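1. return atomic coordinates for the entry below.
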Amino acid sequence: MGTLNAIYVRAGLADPLMLKATYPTAYTEAGSSFFAIDLRPDQFGCPEDELLFLSQTLLTDVLWITFQSAADAFEFHHWKAGKLLRSLIFGGKVQGIWERVDGVPEAWERDTFFEARQLKSLLEDEEDAAKRNQIQRIFDDGILEVGSWLPMVDARESARAIAEFYNLPGWR
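-> So this is what the prediction gives:
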C-alpha cells in the first residue's frame, strides 16, 4: 500500500532559490531536470491555480502526481508555460472510473494504460462479441473516456511510468 502527492517543476528556467523559498523541501537528483516537492500523504486535491501560476511565472513544466495504491486512485496534471496540457483522474471520487480526461495524450500513456496483458485478460473474460469488439477498439485506439472503467489503472505503476518517462527525482 502506498500514497504519493507530489509536485514536479522542470529546472530549466526555474529559480532554485525561489522554489526553495516557496517549497523548502524541494529537491532534485543528478541526471534529473526536475525538482520534486513531496507533500503530505493526506494533502489531496490538486492546487491547480497555484501550479498554473507556478508554471506561468517560471515558463516551465509543472507536473502534479497523486496516487493511492490501495484504491488504485490516480491523478496527473501537466502544465507548460501556463498552459494545461493534460489532466487525468481515475478513481478519485468513484473507484475504478475515469473521472477526468483533458488535453492531448502524452507519449507514456499508451504503454502504461493499454497493456496487451490487460487486453488479453479482458477479452478472455468477456463472452459478448459486441462488448469484446468495444474493448478491442478502446485498446486499439487508445481511448480514455470520462465515465468509463476501461482501461483499468494500476495507480502506483502509472505514477512510476510518468516518473521514468520524465526522469523525476525520488523514483530510483
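
2. can you measure across stretch 32-45, start residue to end residue?
-> End-to-end distance for stretch 32-45, by CA to CA, to the nearest Å: 26 Å.

3. sorry, wrong one. I was asking about stretch 60-74.
-> 23 Å.

4. which parts of it are buried?
-> 60-69, 72-74 (16 or more other CB atoms under 10 Å). No exception for glycine: its C-beta is placed from N, CA and C like everyone else's.

5. of all those residues, which two lie farthest apart?
-> Across the buried residues of stretch 60-74, the longest distance by CB to CB is 30.1 Å; it joins T60 and D72.

6. kindly reformat the buried residues of stretch 60-74 as CSV containing distance to A26, pLDDT and secondary structure.
-> What follows is these, written out as CSV (distance: CB to CB, whole Å; pLDDT from 0 to 100; DSSP: H, G, I helix; E, B strand; the rest coil):
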residue, distance to A26, pLDDT, secondary structure
T60, 13, 90, coil
D61, 15, 95, strand
V62, 12, 96, strand
L63, 13, 98, strand
W64, 14, 97, strand
I65, 15, 96, strand
T66, 17, 94, strand
F67, 20, 93, strand
Q68, 23, 91, strand
S69, 24, 84, coil
D72, 28, 86, coil
A73, 25, 92, strand
F74, 23, 94, strand
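
7. so where's the chain uncertain?
-> Applying pLDDT under 70 to the chain picks out residues 1, 13-15.

8. and W79, what element?
-> strand 73-80 (DSSP states H and E).

9. all strands for the protein, in order.
-> 3-10, 34-38, 61-68, 73-80, 83-90, 98-103 (DSSP state E).

10. which residue is the nearest non-sequential neighbour of E115?
-> P151 (7.8 Å; CB to CB, 6 or more residues apart in numbering).

11. name the residue closest to the centre of this protein, please.
-> F76 (3.0 Å; CA atoms, centre = their mean).

12. surely the residue nearest to E115 and F114 touch.
-> Yes - counting by CB atoms under 8 Å, P151 does reach F114; the two are 5.7 Å apart.

13. with neighbour numbers in mind, choose between those two.
-> Between P151 and F114, P151 has the larger neighbour count (other CB atoms under 10 Å), namely 21 against 18.

14. tell me who's in contact with the more buried one.
-> F113, F114, E115, Q118, I138, F139, L144 (CB atoms under 8 Å, 6 or more residues apart in numbering).

15. please report the distance of the nearest residue to W64 once chain neighbours are set aside from R172.
-> Of all residues beyond its chain neighbours, the one nearest W64 is H77 (4.3 Å), with distances taken as CB to CB, 6+ apart. In this view, H77 and R172 are 23 Å apart by CB to CB, to the nearest Å.
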